[in-house]
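**Student:** What follows is a protein structure lacking sequence information:
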Ligand SMILES: Cc1cc2nc3c(=O)[nH]c(=O)nc-3n(C[C@H](O)[C@H](O)[C@H](O)COP(=O)(O)OP(=O)(O)OC[C@H]3O[C@@H](n4cnc5c(N)ncnc54)[C@H](O)[C@@H]3O)c2cc1C
């Protein structure tokens, strides 16, 4: 056996279980993968260190929300997860309006024009995680190891062996790392991510609005970063303001009224006066390109496999598309074929390459284009937006990609 990380267990500790696949990391991506594989009839274990937290309810709203694409909402529905969400707390997005930093810079997308029922659904992170956890608890077969943390990974000819810090060891044909941006599995498998820091923080907070949002997601590319107001049910919106560290610190230090006034002014009063309803929080933003999604008996998915700027709201959507692909490759394997088979893993990696590269290139390019200050670049990017706005075919293509 080849040791892929420093083992903290004695090598002789007994293997307590064998599965076809072990998923490491039970966030949104890992939990959905474990469920999808279980439903495809595979024997699965899921390892997660954090005990489940109750989702926000009643008057409390989670300040982490996601714009889930229609394709991924359909996938979560097929898993039996979507129907566990309270429909009163899910907001369909009917349109999207994007503003540049000059008057002519404007771009709009509408679900109606694209022949879709909605462009996306805004869902609270905690509610989606809870729905996934409930589906896992109800399915009965899937083995949930929580709280449990990984301590060593060894890759063998016939299986991978994963040691946990509580002394248990699991063998599996395949280990999937869905353990987030700082993935332990990725490091243990010897895959190095190319990480660049944006020097920005994503400041999130929810507000009540004086004016109705009419299901519109609004986004401003401003000199001080990208401000997005995503619609929530009722007269509420969820903000993500991706901005330089110092500016983010200033925003996070403002009192409730001053923050609401600052956001209202930055959004040109589009939704009238705002009232803060959840305390703001900040998340560091970076780009991570992971050159390989697979290694012997290891695959990566979700933020462990790519980390993109949140300006397009695509991070977890990319992760769910990884899951859909990996689950379908494994479900379609030949009878008796090993889940860690190199050809299968290569098929998964090849299938995901283009979508991930497009999103990494697109979000990074847009972020850099709008962070650049020279007047000629500012003129170009704003007239570029206006030009795209006049090209219905291109707009349709962009929508179709984001809706997948
Ligand atoms: C401000 C902001 C706004 C965003 N908005 C959107 C949006 O609107 N739409 C969108 O698609 N994306 C959005 N994203 C991106 C999205 O948050 C991420 O892409 C998504 O959370 C990644 O999910 P994941 O399950 O891959 O990783 P994570 O959510 O990081 O989950 C990883 C899991 O692995 C567990 N773990 C860690 N280490 C170990 C270990 N050693 N062993 C076992 N388990 C471990 C963790 O406890 C955790 O549960 C946004 C991101 C930011 C910062």
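**Tutor:** The structure has been received and is ready for your questions. Predicted, not measured: the structure shown is a model, and the values here were computed from it.
**Student:** switch to C-alpha atoms for all contacts and neighbour counts from now on
**Tutor:** Will do.
**Student:** And the pLDDT for the closest residue to residue 106 other than its chain neighbours?
**Tutor:** Of all residues not flanking residue 106 in the chain, residue 99 sits nearest, at 4.6 Å (Cα to Cα, 6 or more residues apart in numbering). What the model reports for residue 99 is a pLDDT of 93.
**Student:** quick one, longest helix in the protein?
**Tutor:** Looking across the chain with DSSP state H, the single longest helix is helix 342-371.
**Student:** Are that one and the ligand in contact anywhere?
**Tutor:** No. Figure legend: helix 342-371 not in contact with the ligand (Cα under 6 Å from any ligand atom); closest approach 11.1 Å.
**Student:** Lowest mean pLDDT among the helices and strands, pick that one out for the protein.
**Tutor:** When each helix and strand of the chain is scored by mean pLDDT, DSSP states H and E, strand 2-3 comes last, with a mean of 46.
**Student:** What is the helix or strand just after that strand packed up against?
**Tutor:** Using DSSP states H and E, the helix or strand that follows strand 2-3 in sequence is strand 17-24. Judged by 3 or more Cα pairs under 8 Å, 6 or more residues apart in numbering; DSSP states H and E, the packing partners of strand 17-24 are helix 28-39, strand 44-47, strand 169-177.
**Student:** What is the last one packed up against?
**Tutor:** Translated: strand 169-177. strand 17-24, strand 160-164, helix 184-188, strand 298-300.
**Student:** For the helix or strand following the shortest one, give me every contacting residue.
**Tutor:** Going back to what we said before, that points to strand 298-300. Downstream of strand 298-300, the first helix or strand assigned by DSSP H and E is strand 306-307. Contacts of strand 306-307 from elsewhere in the structure, counted by Cα atoms under 8 Å, 6 or more residues apart in numbering, are 181, 286-290, 315, 356, 360.
**Student:** Now intersect those residues with the helices, please.
**Tutor:** Assigned to helices by DSSP H, the following of those qualify: 315, 356, 360.
**Student:** what's the nearest residue to the last one if we skip its chain neighbours?
**Tutor:** I take that to be residue 360. Per Cα to Cα, 6+ apart, closest to residue 360 is residue 308, 5.8 Å.
**Student:** where in the stretch 251-400 of the chain is pLDDT low?
**Tutor:** 373-377 (pLDDT under 70).
**Student:** Quick check: residues of it near the ligand?
**Tutor:** 283, 302-304, 310, 313-317, 319.
**Student:** Mind checking which of these are buried?
**Tutor:** Listed as buried from those are 302-304, 310, 313-317, 319; burial here means 16 or more other Cα atoms under 10 Å.
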